[in-house]
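[1] Below: sequence and its predicted model.
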Amino acid sequence: MLLFNDIPPYAQKNETGFFFWIKVTPKASKNRIGDLVDSTMGRKVLKVYVTSPPEDNLANIAVIEVLAEYLHMAKSKIQIVSGHTMREKRIQVFT
């Protein structure tokens, strides 16, 4: 598990943990974390690739699973706060 002081450099602390932005690519060939890139909104976003399609919330569920493994945290500690139906999403991690 990450310690509160060990947040990723692209994340921002808040009162319940930290948050960051991701850009999801659904229907990828493999579940994986990609590079940190600039978004059209002028912020840094972490690329996340999932094999699931963007239907019936399947891609969002896969995103949580991939991030939980990447951050070595329980899935229950990671939540999509905004962008549920978009490729760019805000992720909250509770510490």
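    Arrived safely, thanks for sending. Numbering: from 1, shown residues only.

[2] Give me the contacts around stretch 78-95.
    Outside stretch 78-95, the residues within contact range by Cβ atoms under 8 Å, 6 or more residues apart in numbering are 2-4, 7, 11, 14, 16-26, 39, 41, 45, 57, 60, 63-64, 67-68, 71, 73, 77. To be clear about C-beta, it is placed using only N, CA and C from the backbone, and glycine gets the same treatment.

[3] Just the mean pLDDT for that stretch, thanks.
    Taken as a whole, stretch 78-95 has a mean pLDDT of 96.

[4] quick revisit: and the contacts of stretch 78-95, which of them are buried?
    2, 7, 11, 17-24, 26, 45, 60, 63-64, 67-68, 71, 73, 77 (16 or more other Cβ atoms under 10 Å).

[5] sec struct for N60, please.
    Put simply, N60 is helix when judged by DSSP: H, G, I helix; E, B strand; the rest coil.

[6] ok, which stretches of the chain are helices?
    In the chain, the helices defined using DSSP state H lie at 58-71.

[7] quick one, longest strand in it?
    strand 17-25 (DSSP state E).

[8] For K23, give its distance to H84.
    14 Å (Cβ to Cβ, to the nearest Å).

[9] And M41, by the same measure?
    Here M41 is placed at a distance of 17 Å from H84 (Cβ to Cβ).
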